[in-house]
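[1] sharing a sequence plus its predicted fold:
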Amino acid sequence: MGCFTIYSPITGLPIEFYYEDNNENKRKYEHLNEAVVVLPDGSITEIGSHDSYGRIITPNATYSCNDDESDEYQTGIAISNSLYKLMLLNPKFEDFTNKTKNLYYYLKNYSVPIQSKVMRYNGSQLLSLENILKEDLIYFVDPFLEEKIEEPLLGKTLVRGIRKINGKKNKIFLNKLIENFLDFIPKKKEEKNNFSKEYLLLMCKMMTECKDITDEKQKEIDKLIEDFTK
């Protein structure tokens, strides 16, 4: 199987993005290469990155997030970390943080509104900066970016000017998409357990290897066992 790109189920933005490597591009677009995985119990993993094969690699585990695969092999759903941070700032998201609602289940049943300004790129493989229309670039910039860059003014050698780069417009755009998602009500009743075979195997592997299991992960494993054995 060749390389491919996975996309956020809330925004339609890629979980992996290529650009010419320079400081300004990195400040603007690197956030798209930092992802977290929403697991079937609704918990969130550490920050990781996409390996171009549908897997998110974190410091302690690898998660299969290819949305074209069946539930049997999917261990979670990937979203960008910058999106997750924005979601945490929305009061409506509290239902997911306190586990009143299961984030995984809602994401599994949600589709990005077709009118989203970035849906024209959804499905493109190995998406890069050069593929994005100039008028759409603002929707890829880090929503938390706000910097002033000092640089020479055109035609000047001694006088310097200030240029601003920020993600203000993208933050407004993403917050609207987040609102759409948080107002979403699934047609089907939320299931008690959303655990796939692959997810269970991953947890069992971590337990048997006893490798790099944090206290938070141990609580997650204990809850998984408790729920699965009920």
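    Arrived safely, thanks for sending. Numbering: from 1, shown residues only.
[2] residue ranges of the strands in the chain, please?
    For the chain, the strands defined by DSSP state E occupy 35-38, 49-50, 55-57, 62-64, 77-80, 146-152, 160-166.
[3] counting neighbours, what do you get for R120?
    Burial of R120 is recorded as 12 neighbouring residues (other CB atoms under 10 Å). To be clear about C-beta, it is placed using only N, CA and C from the backbone, and glycine gets the same treatment.
[4] and the one 3 residues further on, by the same measure?
    Neighbour count for G123, taken as other CB under 10 Å: 11.
[5] how near is it to L177?
    Using CB to CB, to the nearest Å, we find G123 at a distance of 18 Å from L177.
[6] what does T5 give?
    On the measure of CB to CB, T5 and L177 end up 19 Å apart.
[7] who has more neighbours out of those two?
    Per other CB under 10 Å, whichever of T5 and L177 has more neighbours is L177, with 22 against 19.
[8] for this structure, give me the ranges with low pLDDT.
    For the chain, the stretches flagged by pLDDT under 70 are 1-2, 67-72, 114-116, 148-162, 188-214, 217, 220-230.
[9] still on that earlier bit, make a markdown table out of the strands of the chain and add mean neighbour count and distance to L127.
    What follows is the strands of the chain, written out as a markdown table (neighbours: other CB atoms under 10 Å; distance: least, CB to CB, whole Å):
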| stretch | mean neighbour count | distance to L127 |
| --- | --- | --- |
| strand 35-38 | 25 | 14 |
| strand 49-50 | 20 | 11 |
| strand 55-57 | 19 | 17 |
| strand 62-64 | 19 | 20 |
| strand 77-80 | 26 | 13 |
| strand 146-152 | 11 | 24 |
| strand 160-166 | 12 | 21 |
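[10] in a markdown table: these, plus distance to I132.
    Converted to a markdown table, the strands of the chain look like this (distance: least, CB to CB, whole Å):
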| stretch | distance to I132 |
| --- | --- |
| strand 35-38 | 19 |
| strand 49-50 | 18 |
| strand 55-57 | 23 |
| strand 62-64 | 27 |
| strand 77-80 | 16 |
| strand 146-152 | 20 |
| strand 160-166 | 16 |
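[11] out of these, flag the one nearest I10.
    Closest to I10 of the strands of the chain, according to CB to CB: strand 77-80, at 6.4 Å.
[12] could I get the buried residue list for stretch 37-54?
    By neighbour count on 16 or more other CB atoms under 10 Å, the buried set for stretch 37-54 is 37-45, 48-50, 54.
[13] just checking, L174 touches L83?
    Yes. With contact defined as CB atoms under 8 Å, L174 and L83 form a contacting pair (6.4 Å).
[14] shared neighbours of the two, anything?
    T11 (CB atoms under 8 Å, 6 or more residues apart in numbering).
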